[in-house]
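Undergrad: sequence-free structure coming up:
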């Protein structure tokens, strides 16, 4: 135990005294704040293209829908060329599309749209152009076609044409509020969304950064032959445990510092938000979702168990190989397990009660990220939380058991990267 504490102390102090640790600790909240606020500020200023109306409208509906759309588009960008309307029959659409395509290729127009029987039936409209990948432009074009079609239908039902625009051009901002077992929480649904995303992102960063740090540290000691000296007085299992605990405490220290600095930044959020061009948000008090004590304990346990699981795997990877070229390839399976959680983060954010979300919350390699994410978004039954913790704990025990044996044998092994069969033999030998 005493030797493990010596290794633990060395690992912790060596990492904390690093200038890169100090830089990351000081700039971490600033970076997270920038990547959170800056996209919101930029999105609030993002507008459609100033040439949105410079399009060709191929109208094969046999109605005045094309003229309505042309008028709506012309009002959006009055300084740009007006839409060019071509009223054709269905048989002429293909020929006009070829002509319009060449005009767009020759920079005579930004794009063209086709309005036909499917459009009047409310099914679809076709658009092709240089800005087809500009989501805001396409969304505005769809909205104008939709409003024009709705206006046409309302007029056919006898509604005064002068009132159609005022009746159809309505925009609402949905104000959401989260309800828990204790009632209304006060925090908006969007706030809970970003809160859950932030928790999962911080957990991912800590596991990825410090897990790979352990892997590189083990590899460095192995390649410099320092490990041969160390294991003469310290058991490999003790050495691995000290490294994992030391790096884990460093991660906890950094996250604690980030939380404190984030709180201080929140207190002076007004000037900071004005600097980034979001004055409307400067005076708004952001209601942070409340976290029950039992939920807070569960979040800490998920972080600890998840970190131990991946740290043990990364430590084993560092002991398996003998050079920097092989370590990245050997670490790929472990990183894929971690990245898989990140890949499924968005669909789970959108629907935290789905079968996918529940499944990912029970798997040992993804539960440390997915379950805290869901816990921040919705109320999770206690038995699901306990089951997920047991799943991660079992996975953590298996990972530590296997990694300790691989570490024990591989730390003094040099040469080519071992195969899976050789790894299994190492585990049996140990």
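TA: Nice, I can see it. Here the structure is a predicted model, which is why all the values come from computation and not from measurement.
Undergrad: which residues in the protein form strands?
TA: Listed in chain order, the strands found in the chain under DSSP state E are 55-59, 84-87, 111-115, 126-129, 179-180, 183-184.
Undergrad: now these in TSV, with mean neighbour count, distance to residue 97 and mean pLDDT?
TA: Where you see a C-beta, it was placed from the backbone N, CA and C, and this is true even at glycine. Formatted as TSV, the strands of the chain follow (neighbours: other Cβ atoms under 10 Å; distance: least, Cβ to Cβ, whole Å; pLDDT from 0 to 100):
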stretch	mean neighbour count	distance to residue 97	mean pLDDT
strand 55-59	25	7	91
strand 84-87	16	10	91
strand 111-115	24	7	91
strand 126-129	17	8	90
strand 179-180	12	51	50
strand 183-184	8	53	50
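Undergrad: so which of those strands gets nearest residue 255?
TA: The closest approach between residue 255 and any of the strands of the chain, judged by Cβ to Cβ, belongs to strand 179-180 at 24.9 Å.
Undergrad: show me which helix or strand of this structure is least confident by mean pLDDT.
TA: Every helix and strand of the chain was ranked by mean pLDDT, DSSP states H and E. The lowest is helix 279-282, at a mean of 48.
Undergrad: how much space is there between the nearest residue to residue 25 once chain neighbours are set aside and residue 264?
TA: Once flanking residues are discounted, residue 25 sits nearest to residue 257: 4.9 Å by Cβ to Cβ, 6 or more residues apart in numbering. As defined by Cβ to Cβ, to the nearest Å, residue 257 lies at a distance of 11 Å from residue 264.
Undergrad: for the two, indicate the residue with more neighbours.
TA: The neighbour comparison of residue 257 against residue 264 (other Cβ atoms under 10 Å) goes to residue 257, with 17 against 10.
Undergrad: from what I can see that one touches residue 24, true?
TA: No - assessed by Cβ atoms under 8 Å, residue 257 is found out of contact with residue 24, at 9.7 Å.
Undergrad: give the residues shared as contacts by the two.
TA: With contacts defined as Cβ atoms under 8 Å, 6 or more residues apart in numbering, no residue is shared by residue 257 and residue 24.
Undergrad: where does pLDDT dip in the stretch 101-250 of the chain?
TA: Scanning the stretch 101-250 of the chain for pLDDT under 70 picks out the ranges 160-197, 222-232, 236-237.
Undergrad: let's see 50
TA: The stretch 101-250 of the chain contains residues with pLDDT under 50 at 176, 179, 186-188.
Undergrad: those helices in the stretch 1-150 of the chain, which residues are they?
TA: Here the stretch 1-150 of the chain has its helices, by DSSP state H, counting those that start in this stretch, at 2-16, 19-45, 65-76, 93-105, 117-120, 135-156.
Undergrad: of all these, which one is nearest residue 353?
TA: Between residue 353 and these, the tightest spacing by Cβ to Cβ is seen for helix 19-45, at 25.3 Å.
Undergrad: ok now stretch 109-119, how far from the chain's centre?
TA: Distance of stretch 109-119 from the chain centroid (Cα atoms, centre = their mean, to the nearest Å) equals 35 Å.
Undergrad: please apply the same query to stretch 355-373.
TA: That offset, for stretch 355-373, works out to 15 Å (Cα atoms, centre = their mean).
Undergrad: from start to finish, how long is that stretch in a straight line?
TA: One end of stretch 355-373 sits 15 Å from the other (Cα to Cα, to the nearest Å).
Undergrad: pull the residues that contact that stretch.
TA: By Cβ under 8 Å, 6+ apart, the list of residues contacting stretch 355-373 from outside reads 196-197, 199-200, 203-204, 207, 298-299, 302-303, 305-307, 309, 337-338, 340-342, 344-345, 347-349, 351-352, 374, 380, 384-385, 387-388, 391-392, 394-396.
Undergrad: weed out the non-buried ones from the residues you listed.
TA: 196-197, 199-200, 203-204, 207, 298-299, 302-303, 305-307, 309, 337-338, 341, 344-345, 348-349, 352, 374, 380, 385, 388, 391-392, 395-396 (16 or more other Cβ atoms under 10 Å).
Undergrad: in helices, which of these fall?
TA: Per DSSP state H, helices hold the following members of the buried ones among the contacts of stretch 355-373: 196-197, 199-200, 203-204, 207, 298-299, 302-303, 305-307, 309, 337-338, 341, 345, 348-349, 374, 385, 388, 391-392, 395-396.
Undergrad: closest one to residue 248 among the strands of the chain?
TA: Nearest to residue 248 among these is strand 179-180 (31.1 Å), distances taken as Cβ to Cβ.
Undergrad: show the pLDDT at residue 399.
TA: Residue 399 carries a pLDDT score of 83 in this model.
Undergrad: tell me how many other residues surround it.
TA: Neighbours of residue 399 under the rule other Cβ under 10 Å: 21.
Undergrad: pull the contacting residues for the closest residue to residue 218 other than its chain neighbours.
TA: Closest residue to residue 218 in three dimensions, ignoring its sequence neighbours and counting by Cβ to Cβ, 6+ apart: residue 318, at 3.1 Å. Residues near residue 318 by Cβ under 8 Å, 6+ apart: 214, 215, 216, 217, 218, 219, 222, 327.
Undergrad: before we move on, what about residue 216?
TA: Neighbour list for residue 216: 318, 327 [criterion: Cβ under 8 Å, 6+ apart].
Undergrad: again, only using 7 Å
TA: residue 318 (Cβ atoms under 7 Å, 6 or more residues apart in numbering).
Undergrad: any idea how far it lies from residue 108?
TA: Residue 216 is 57 Å from residue 108, where distance means Cβ to Cβ.
Undergrad: check residue 239 too.
TA: Distance, residue 239 to residue 108, by Cβ to Cβ: 71 Å.
Undergrad: now do residue 144
TA: Distance of residue 144 to residue 108, given as Cβ to Cβ: 21 Å.
Undergrad: ok, those two, which is more surrounded?
TA: Neighbour count, other Cβ under 10 Å: between residue 144 and residue 108, residue 144 has more, with 21 against 13.
Undergrad: can you tell me the closest non-neighbouring residue to that one?
TA: Nearest to residue 144 is residue 72, by Cβ to Cβ, 6+ apart, at 4.3 Å.
Undergrad: that neighbour: neighbour count?
TA: Counted with other Cβ under 10 Å, residues neighbouring residue 72 total 21.
Undergrad: that one: what's it in contact with?
TA: Going by Cβ under 7 Å, 6+ apart, residue 72 touches 144, 147, 148.
Undergrad: do you know how far the first one is from residue 49?
TA: Residue 144 sits 14 Å away from residue 49, taking Cβ to Cβ as the criterion.
Undergrad: swap in the last one?
TA: Separation of residue 148 from residue 49 (Cβ to Cβ): 19 Å.
Undergrad: which residue of this structure sits farthest from its center?
TA: residue 158 (48.8 Å; Cα atoms, centre = their mean).
Undergrad: that's all I had, so thanks and see you.
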